[in-house]
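Trainee: Sequence and predicted structure, then a few things I'm wondering about:
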Amino acid sequence: MFHSLPLLRKPSQIAENVTPGPTVLRLQDFGLEAGGVQLLSGVTFDLRIGEALGLIGRAGAGKSLLMRAMCRLLEQERLVVTRGSLQHRGQEIFGRGFDTPEMRAKVVYIPEVANPFPMSVWDNIAYGVKLNRIATRRREMADHVEAALRRCRLWDELKDVLHTQRATALPPYQQRLLCLARSLALNPDVVMLDQPTGSIDQQENESLHDIAMDLKSDHAVVFATASLADTARLADRVAYLEEGALVEIDSAEMILTAALAPQTRAFLESTSA
Ligand SMILES: Nc1ncnc2c1ncn2[C@@H]1O[C@H](COP(=O)(O)OP(=O)(O)OP(=O)(O)O)[C@@H](O)[C@H]1O
């Protein structure tokens, strides 16, 4: 029974000294159709720095699509029609004249299958830092590379091979973390992680949990995972999606132990059975 899930964090595991910061994303009755097919509808929520939102739902419910929409990273965008409002810091993401590259540095999406550049670890991070003029001097650049790798718990392992280790030859989990480090070096305010705990072992899961809890201190974090246990450990709020529609969003505790919508309850029952 889902109401007996022994999954919720103890209060002590909630990031300490974090009071939710400013709202960075605001969705109001947001919907999206592609090629005449309705793929997302009725999505309304605000997202603030300092909180983690877990997206749950069956395969194909629209979790990845929603995250991709939130950073305007859609396939065949010319076929896409949006409804309602989706704003990053007060600006419509799908509005005309919106600065998409600048926003993509601020609202980052890390897919389940990592896509590092076929370059060294250093170049993977330095490339965007240089392009976005975050640092130009080598000393400054080195600080950014180190800080990003430290936050992703990669520094100790990679510090001696920054220039010689090809990113695409790293193990898959490290590739994913490197992509996260690459994005963090651009100072985003929203970090979206798609299936972050997919195909990783227990030790990696623990390390990822620590990384995500730390990220929450100065970012808004959105993630989708098939694991309700991981959702319960990481999320402050949880949103349940079904067939592209937002059915219910509330605190993690409410959704995972006392969901109101029958659809949410049915999903939780089937998932924890
Ligand atoms: N650009 C697009 N054009 C048309 N259909 C799309 C597009 N992007 C996604 N879809 C469709 O939208 C639906 C939602 O897919 P999505 O990958 O977001 O589901 P999901 O909830 O993340 O599933 P999973 O848990 O399996 O990852 C799917 O039917 C998918 O084929």
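Mentor: Yep, that arrived.
Trainee: export stretch 55-68 as CSV, just CAs?
Mentor: Provided in CSV are the C-alpha atoms of stretch 55-68 (Å, rounded to 0.1, in the frame of the first residue of the first chain):
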residue,chain,number,x,y,z
LEU,A,55,8.1,14.5,-11.4
ILE,A,56,6.4,11.1,-11.3
GLY,A,57,4.2,9.3,-13.8
ARG,A,58,4.0,6.3,-16.0
ALA,A,59,6.3,5.8,-19.0
GLY,A,60,5.3,8.3,-21.7
ALA,A,61,3.5,10.6,-19.2
GLY,A,62,5.4,13.6,-20.4
LYS,A,63,8.0,14.0,-17.6
SER,A,64,11.0,14.4,-20.0
LEU,A,65,9.0,16.5,-22.4
LEU,A,66,8.0,18.9,-19.7
MET,A,67,11.6,19.3,-18.6
ARG,A,68,12.7,19.8,-22.2
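Trainee: Numbering from 514 from now on, please.
Mentor: Understood, numbering begins at 514; the last thing we discussed is stretch 568-581.
Trainee: ok, is it in contact with the ligand or not?
Mentor: Yes: using CB under 6 Å from any ligand atom, stretch 568-581 reaches the ligand at 570, 572-578. Every residue, glycine included, has its C-beta placed from N, CA and C.
Trainee: Export these as CSV, with columns for secondary structure and neighbour count.
Mentor: Converted to CSV, the residues of stretch 568-581 next to the ligand look like this (DSSP: H, G, I helix; E, B strand; the rest coil; neighbours: other CB atoms under 10 Å):
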residue, secondary structure, neighbour count
G570, coil, 24
A572, coil, 6
G573, coil, 13
A574, coil, 22
G575, coil, 24
K576, helix, 25
S577, helix, 17
L578, helix, 18
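Trainee: of all those, which two lie farthest apart?
Mentor: Maximum pairwise distance among the residues of stretch 568-581 next to the ligand (CB to CB): 12.2 Å, between A572 and L578.
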